[in-house]
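Participant: Got a sequence here, can you model it:
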Amino acid sequence: VYAASTGWVCSDNTLYWAADDMNRSVKDRAVFAFHCDLSRDPLDTASWQFSNDERHPGLPQSLGKGRHNGGKWLEPNVVDMDGELLVIVRVRASQGDVDGVVPNMAAICSLEETENDELTLEFSHYYPFPGAQNQFHIIKDEERELFWMTSNQVTGKATDSYRGWGKERRFLMLHYSRDAQNWFPAGVLAMWRKETQAFNYCTPLIDGNDLLFVSRTSRDAANQHDNDCITFHRLENFRKTAVDLQPGESASEVAKLPAFQGSTPGVKREIDMPLVDLSQDKQRHSVVAAGTESVYQGHCDTVLLPDGKTMFTAWCLGHAQWIGPIAKSTDAGRTWSKPLDVPKNWYKTSNTPALHRLVAPDGRARLFCFGEGLNWSKKGKPPYPMHQSYSENNGQTWTPMFPNIVGAERPNGTTTHRGNRDNENHC
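Facilitator: Predicted coordinates:
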């Protein structure tokens, strides 16, 4: 078992932490979580419960095709995000003898606990994370309701670092966040001038208004990895390095902007645009799916195929909730089919759908339906990786929804394309 200095959670008299197991998984290195009932003797093995081993799924080649070996994960942090436990894992991708060739990318896992105190760890998605190619440590500041993180960021230009530029560790950075995933820079905590020097593997601790941190440090060692000393540091009034991220007064209220005094004399404000009211022209109306007082159907998106007649529209049941219905028109939207058959797990994927026709470099066209994957059983709280389904036969059949590597909302209904082909979006 390998456990570095990483963040842990203590809640309801229970300690939650995570580590990785090199003995059982030397190649792809399994990560696991565990908790200890602090009301019992921690030396009693019955006080401890362990999750399943979650093996590294492999960093996708779309994040730099041919530039990395799929990577390993290690040194996980556990954070409590509004009652939901997340395990955030360092990802170290390599190319030959060079490590960290895909910097600033972490793996996000969910950690569930049953009523029987059983733990289930499951990979969710990858997410941009400053310094996640090396060790990072996350702690919670209850006073400001912020997370703080120490990590090493690289310049991308190091030539004298052991195992390459991705392992440069001479800049120790401090970041802060409201959700432990989207980070703001607070500044440089400590730095060296030589690439063979390092401040790394830090353990931060809040002491009143100050931040204490201890570092594994390379001062006169042969390289930045094989360190020769430990250094102790204090940053006084560390919270002053952060701006206030909490919502509050608008900028106009803070700045006391002058009130609007009326339009500029002599400047025409009317727009000469004709108004066409089709609300009573029933012959032009085309109802795809009529809602009721209890059934909300909305947030639709459409895609038109190159023949200029075939269209698909997808929508959700409930406000930004369950995706599932999709219908087809063969007359450019004048009439529509009944909802088509789709895989059952579409109805477990939520938020507004987005339809796109994308053409691969080999000329093969696919229809895609994207959704956000919000988990409404958790009141819509993250993690929520983007999900997608695709059809390779112009919408006759669709794959089940599955998460892609993007931890964000589904793409907008408009895309740009490259090349000279009309009416095609290229991927």
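Participant: Nearest spatial neighbour of Pro400, chain-adjacent residues omitted?
Facilitator: In this structure, Pro400 finds its nearest non-sequential neighbour in Pro343, 4.0 Å apart by CB to CB, 6 or more residues apart in numbering. From N, CA and C alone the C-beta is placed, and that goes for glycine too.
Participant: how near is that neighbour to Ile326?
Facilitator: 11 Å (CB to CB, to the nearest Å).
Participant: Same check on Ser389?
Facilitator: 10 Å.
Participant: what is in contact with these two at once?
Facilitator: Residues within reach of Ser389 and of Ile326 at once, by CB atoms under 8 Å, 6 or more residues apart in numbering, are Val342, Cys369, Trp398.
Participant: For the last one, grab the count of nearby residues.
Facilitator: Okay, so that is Trp398. 20 (other CB atoms under 10 Å).
Participant: Between Pro343 and Ile326, which contacts overlap?
Facilitator: Trp398.
Participant: So for those two, which sits in the more crowded spot?
Facilitator: The residue with more neighbours, out of Pro343 and Ile326, is Ile326; 25 against 16, by other CB under 10 Å.
Participant: Quick check: chain neighbours aside, which residue is closest to that one?
Facilitator: Ile326's closest residue in space is Ala314 (CB to CB, 6+ apart), at 4.3 Å.
Participant: Could you do Glu372 as well?
Facilitator: Closest to Glu372 by CB to CB, 6+ apart is Asn351, at 3.5 Å.
Participant: Look up how far Ala327 lies from that neighbour.
Facilitator: Taken as CB to CB, the span from Asn351 to Ala327 is 19 Å.
Participant: The two: who's more crowded?
Facilitator: Neighbours per residue, other CB under 10 Å: of Asn351 and Ala327, the larger number sits with Asn351, 24 against 18.
Participant: Give me the residues contacting stretch 328-342.
Facilitator: So stretch 328-342 is contacted by 286-289, 302, 304, 308-313, 324-327, 389, 395, 398 (CB under 8 Å, 6+ apart).
Participant: List the residue ranges of this structure that fall below the pLDDT cut-off.
Facilitator: Under the criterion pLDDT under 70, the flagged ranges of the chain are 1, 23-28, 249-261, 267-273, 373-384, 407-427.
Participant: one more time with 50
Facilitator: 25, 251-252, 418-427 (pLDDT under 50).
Participant: Isn't Ala19 up against Arg29?
Facilitator: No - using CB atoms under 8 Å, Ala19 is not in contact with Arg29; the gap is 10.7 Å.
Participant: Quickly find the element holding Gly308.
Facilitator: Element membership for Gly308, per DSSP states H and E: none, as it lies in no helix or strand.
Participant: Burial check on it, number of neighbours?
Facilitator: Neighbourhood size, Gly308 [other CB under 10 Å]: 9.
Participant: phi, psi of it?
Facilitator: phi 80, psi 0 (degrees, to the nearest 10).
Participant: Distance-wise, check the nearest residue to it once chain neighbours are set aside relative to Leu340.
Facilitator: Ranked by CB to CB, 6+ apart and with sequence neighbours excluded, the top spatial neighbour of Gly308 is Ala332, at 6.6 Å. Plainly put, Ala332 is 18 Å away from Leu340 if you go by CB to CB.
Participant: Before I go, just wanted to say thanks for your time.
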